[in-house]
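Asker: Here is a sequence with its predicted model. Questions after.
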Amino acid sequence: MLKMRRVCKIYRTDAIETHALNNIDLEVGAGEFVAVMGPSGCGKTTFLNVAGLLDSFERGTYELDGLDVSRLSDSEMSRIRNGKIGFVFQSFNLIPDLNVFDNVDVPLRYRGMGGKERREVIEQALHRVGLHARMKHHPSQLSGGQQQRVAVARALVGKPKLILADEPTGNLDSSMAEEIMALLAEIHRAGTTIIMVTHDPGLAAQAQRVVHLLDGQIVDALPSPDSFPGSATITTHA
Amino acid sequence: MLAYQLRMAAKSLRRNPVLSILMIGAVGLGIGVSTTFVTAHYILSMDPIPEKSSVLYYVEMDNWDPNRPWNDSDPTEAPNQITYRDMAGIMKSTIPTFQGGSFKASLYIHPEAKIGRPYKALGRMCFSDFFKLFDLPFEYGGGWDRQAEKGPDPVVVLDHETNQKLFGGENSVGRQVQIEDRHFKVVGVLKPWRPLPKFYDTHNSPFAEPEDIYLPFEFGRIFEVYSAGNTSNWKRYEGDSYQAFLDSESIWIQMWVQLDSAEQKEAYMDFLNAYVHTQKAVGRMQRPMNNKLFSVKEWLKEAEAVPEMATSLVVISLLFLVVCSLNLIGILLGKFLARAPEVSVRRAMGASRASVFFQHLVECEVVGLLGGLLGIFFSTLGLKWINSIFENLFESGLDANMLAVAVALALLSGLIAGLYPAWRICSIAPAAYLKEQ
Amino acid sequence: MEIGPIFRTFARNRTRFILIGIEVALTLAIVVNCVNMMLDMKRDRDRPTGIDEENIITIISQPFSADFKDEQYLENARRADLEMLRSLPGVRAAEAFSAIPLSGSGSSSGYKPLGSEMNTLATGRFITGIHATESLGVRLIAGRNFEPGDVNDSRSKNVIMTKAFADKLFPEGNALGKQIQGRTPEDPDTIVGIIEHMHGSWPGWTHVANVTLSPGKPGSFNRGLRYLVRTEPGHVDRLFKVVEEELLKLNNGRNVTLNTLADVKAETFMADNGVIKLLSAVIVLLVFVTSLGIVGITSFSVTERMRHIGTRRALGARRVDILRYFLTENWIITTTGLALGIGLTYGLNYALVSLLSGAKMEWTLVIGGVVGMWLLGLAAAFLPALRGARVSPAAATRTI
């Protein structure tokens, strides 16, 4: 499904060059549920940006679903994000001006799909996350867990092969977090590849496989779990 | 508290200079344009003779065609000038404090050879009262006395510019000037004088410059000059002599009287009515009695001295200011709401809704005031420009009244533009933005 | 396009959109009304006058020498001037006139068909000579020009008038040869020629196209003498100096003032031209202010929605989709504003026409204004929208 070879991502300011990702080698098979773990600042978000084609990278190759996506134009990347990837963000990123239905509708708007068909798949997706009854609500009228479920519906609606989740439960309390994790597990069972970025070992444990990221590199194992997630003490960025 | 709020406002404006310049520029432009046109209108509609406008009256009487009114579309209007014979008739009255008919005539001045060729000047043929009626300001000498009109004595009053041209600006009282084929003695020289509008004779152009020289009315007859303004007639007269013209129904004279009290005015009106009756008795003035006394203000309105376009432009310029204020609202709203987190903190620390409201309003007024100052600068430029287009009509520029109007408009637009954004920012919940950070 | 969702977001950003809407509406109303007033004045100014404006020199000869008080002397002087003027190479025709057309100064009188009961109708009236039509460059469409015999001392005259005036006096179009009178029936005049079209002395006058030419000996010591000299095309400038010198050489007991008729006309329209300048300035400033306003508010809109843009990009929106989103949003607001603005435009026009001065609005002008504002709105929104389109999709994952 996803194959990265020696991928590097470098941030430059005037004085400093930071290797946010340093020679990442990673393969994720179709249907896998992989957790990417690491302390705050280890490069998790950068990894997610690169994996999700949200950001470019400097060196290395990246194959997604059998397609080399290393050197694509901006609009080609948009097409792939739209067709193959679903995103679930830590802060939900629903558009507050739009109601639930219109929010789920957003990705479909970018592929010429007829109105009737759109309506069907949106309702289907909302059904799946159990928010069918709240289609006309605005995000501000929903609880955090409900908002994240809308975001999951939005990620699902385009029938993506890969779902990228960025700390999907980071802004939620534990019962809501469980709901979301259950939802992801169900989606995974239905055959969708999921890569979840998290710093919570408890969540990571629910994945099939855990990849550890430290200082922009994949490491075999992390130092004893006790030393984090007190994230404040560990700073890895230059 | 105000000092603190002013300091906060200054800080806020310095924080985003580009935005502040845009806001102040928007207000400045709006104030600049509106003040320019309001001032232009104000200059055009100013009372040209404030100290006397309540006691001066323009006289009209109806000597027109019995079968057709002076103005087909408004039969109540009387002819807008009077005949020579009627002027002579009503000037026998002793009721007005001062009185006199006058007209403008084009006359040749023959300067000394070293100064130049003879040239046409505009003269006002008038009576000695003319200078007292309208309080003409003298630089040297004064008007002539009534006695001089009997002869008539060849006396002349020069305006400032003519004295400059003929005598280099010296005191020329007592010197001689050749006008047409006669020599006149200078008895007075005017200071620069430009009533706006030229209320005493609005015909042809209400904003024209006053005449260059002033001569006793009788010389009109001697030179046999016709009016350089409008002459209208409805009845053919026999012969083409000047005397026949004077005796005709031609109207060409502007008649003014000074009536200091209501009784005096009433008495004079009675006198006019009695005069018209004497004329009706000899077969003239067969139309209904229609004598009119217009105060200066009424006369300027009647003569439509202020062009309607000037008023249209004021309306348009005020709408322009509204557009600028809408712009200001937009920018302020964006700026204030971007500050919501900071306001949240202040509110959490105990700032009341009112104090947040006023702090932001103070900022709007600072913008309004600075914009107003910029606007005053713009409008001085604007008035200079308009002055150059309209041949120095707007030389006087901004006065204290107009400065006050500019500042008031600026503060008002700052206030109006600021109310909504300030209300929006003060009504956010104290905690709303604390959580998200 | 996603017009539906865009509409649904308006409810939540009401103020901003109302602001732009009203601003656009007001701008349309003001600009279209200013342009309307300008065009109205320009139309007045540029109406064809029937006269060969470009190739005519106007001369005012103002005698000061007392010799001119003698009528015979004056007449000799006039004849000498005209002979000299007509003999100059490049001169097509020259004639004396009692007033200069388009100058704002002249005389008028009233005529009606002989014996008619109606009120007299107003006409501009020029006393002139046998070369009148040729010197004005106006076209005679019926009858004849003046002949030497027409210039006599009789009080009944053979006159030439414009078709506009002839048709008003004789609506059946049979004016030629008819007799006309003033208020009284003595000394009727006879129409011997009809001019296609000509404007008289006062360009702003309702009856400016009513003109009557009457044969005679115009000019006096007091009022001076006035001539029109019509040159071959393009000879005005060259002849200007020559004419002045030759006139003074012929008789130095007077001043002569020369102008081109084009300049005389421009002077008459000085105030109008000034107002046209003022209105243009208002239009330019207003369009500038409104564009700034649209740029400003769209910028805020973009800045505020960085994260949404990032999210949309993450969900597959291309740059052009984002650009299109903001332009569509702006277009909808502008269009709503313009719909309101059309009403305001007519309202303001009605107010200006009925309360003050103004001209009725042509609907084509309103359409033009709407199209112009559409383009202006899109152009002003384009830069901020482009900035929005440049937002990286990674903005979605950035923590604030």
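Answerer: Noted; the coordinates are in hand. Numbers count the residues shown, from 1 in each chain, chains lettered A, B, ... in the order given.

Asker: Stretch A:131-141: end-to-end distance?
Answerer: Its first and final residues considered, stretch A:131-141 spans 13 Å by Cα to Cα, to the nearest Å.

Asker: Let me know whether it sits next to chain B.
Answerer: No. Using Cβ under 8 Å from any Cβ of the partner chain, stretch A:131-141 stays clear of chain B, coming no nearer than 11.0 Å. No exception for glycine: its C-beta is placed from N, CA and C like everyone else's.

Asker: Could you check that stretch and say which residues are buried?
Answerer: A:131, A:134-135, A:138-139 (16 or more other Cβ atoms under 10 Å in any protein chain shown).

Asker: hmm, who's touching it?
Answerer: The contact list for stretch A:131-141 (Cβ atoms under 8 Å, 6 or more residues apart in numbering or on different chains) reads A:92, A:94-96, A:98-101, A:103, A:123, A:126, A:142, A:146-147, A:149-150, A:153, C:12.

Asker: Now which of these would you call buried?
Answerer: The buried subset of these - by 16+ other Cβ under 10 Å - is A:92, A:94-95, A:98-101, A:103, A:123, A:126, A:142, A:146-147, A:149-150, A:153.

Asker: what are the ranges of the strands in the chain?
Answerer: By default, I'm working from chain A. A:2-12, A:17-28, A:33-37, A:59-64, A:67-68, A:85-88, A:162-166, A:193-198, A:209-214, A:217-219 (DSSP state E).

Asker: Oops, wrong one, chain C.
Answerer: Going by DSSP E, chain C shows strands at C:56-63, C:91-97, C:107-113, C:121-128, C:140-143, C:158-162, C:179-181, C:189-195, C:211-215, C:225-231, C:254-260.

Asker: The stretch 151-300 of chain B too?
Answerer: B:155-158, B:176-179, B:182-190, B:213-216, B:254-258, B:292-295 (DSSP state E, counting those that start in this stretch).

Asker: What residues of the worst-scoring helix or strand of chain B on mean pLDDT count as buried?
Answerer: Ranked by mean pLDDT, DSSP states H and E, the weakest helix or strand in chain B is helix B:340-348, scoring a mean of 79. Residues of helix B:340-348 classed as buried: B:343-344, B:346-347 (neighbour count, 16+ other Cβ under 10 Å).

Asker: Same check on stretch C:78-90?
Answerer: By neighbour count with 16+ other Cβ under 10 Å, stretch C:78-90 contains the buried residues C:78, C:81-82, C:84-85.

Asker: Could you give the average pLDDT over that stretch?
Answerer: Average pLDDT, stretch C:78-90: 95.

Asker: Contacts for it next, please.
Answerer: So stretch C:78-90 is in contact with C:61, C:91, C:93-96, C:129, C:131, C:217, C:219, C:225, C:227, C:229, C:231-232, C:235, C:238-239, C:242-243, C:246-247, C:250-251, going by Cβ under 8 Å, 6+ apart.

Asker: quick one: stretch C:196-216 near chain B?
Answerer: No. With Cβ under 8 Å from any Cβ as the measure, stretch C:196-216 is seen stopping short of chain B, the closest distance being 10.9 Å.

Asker: out of the buried residues of stretch A:131-141, who's nearest chain C?
Answerer: Closest approach between the buried residues of stretch A:131-141 and chain C, by Cβ to the nearest Cβ: residue A:138, at 7.8 Å.

Asker: And for residue B:138, the neighbour number?
Answerer: 17 (other Cβ atoms under 10 Å in any protein chain shown).

Asker: Pull the contacting residues for the closest residue to it other than its chain neighbours.
Answerer: The shortest distance from residue B:138 to any non-neighbouring residue, by Cβ to Cβ, 6 or more residues apart in numbering or on different chains, is to residue B:188 (5.3 Å). Neighbour list for residue B:188: B:131, B:138, B:140-144, B:157-158, B:173 [criterion: Cβ under 8 Å, 6+ apart].

Asker: beta partners of residue B:188?
Answerer: residue B:141, residue B:157 (DSSP bridges).

Asker: same check, this time on residue B:251
Answerer: Going by DSSP bridges, residue B:251 forms beta bridges with residue B:232.

Asker: got it, and residue A:33?
Answerer: residue A:194.

Asker: May I have the predicted confidence score for it?
Answerer: Value listed for residue A:33 in the pLDDT field: 93.

Asker: what's the neighbour count on it?
Answerer: So residue A:33, with other Cβ under 10 Å, has 20 neighbours.

Asker: That one against residue A:194, yeah?
Answerer: Yes. With contact defined as Cβ atoms under 8 Å, residue A:33 reaches residue A:194; the gap is 4.7 Å.

Asker: which residues are common contacts for those two?
Answerer: Counting by Cβ under 8 Å, 6+ apart, the residues touching both residue A:33 and residue A:194 are A:184, A:188, A:207.

Asker: got a list of what whichever residue of the stretch 101-250 of chain C sits closest to chain A touches?
Answerer: Residue of the stretch 101-250 of chain C nearest chain A, by Cβ to the nearest Cβ: residue C:204 (56.0 Å). Residues near residue C:204 by Cβ under 8 Å, 6+ apart: residue C:44.

Asker: same deal with residue B:388?
Answerer: With Cβ under 8 Å, 6+ apart, residue B:388 has no contacts at all.

Asker: One more: residue C:309?
Answerer: Residue C:309 sits next to C:302, C:322, C:388, C:391, C:395 when contact means Cβ under 8 Å, 6+ apart.

Asker: Among those residues, which ones lie close to chain B?
Answerer: Within the contacts of residue C:309, nothing lies near chain B by Cβ under 8 Å from any Cβ.

Asker: ok so, going back, in the following helix or strand past the least confident helix or strand of chain B, what's buried?
Answerer: Downstream of helix B:340-348, the first helix or strand assigned by DSSP states H and E is helix B:353-389. Counting neighbours by 16+ other Cβ under 10 Å, one finds that the buried residues in helix B:353-389 are B:355-376, B:378-380, B:382-383, B:386-387, B:389.

Asker: still on that earlier bit, and the pLDDT for the residue of the stretch 101-250 of chain C closest to chain A?
Answerer: On the pLDDT scale, residue C:204 gets 83.

Asker: Return the backbone torsion pair for it.
Answerer: Residue C:204 adopts backbone torsions of phi -90, psi -10, taken as degrees, to the nearest 10.

Asker: got the residues of chain C near chain A?
Answerer: C:2, C:4-5, C:8-9, C:12-13, C:307-308, C:310-321, C:392-394, C:396-397, C:399.

Asker: One more pass at 7 Å, please.
Answerer: C:2, C:5, C:8-9, C:12-13, C:307-308, C:311-319, C:321, C:392-394, C:396-397 (Cβ under 7 Å from any Cβ of the partner chain).
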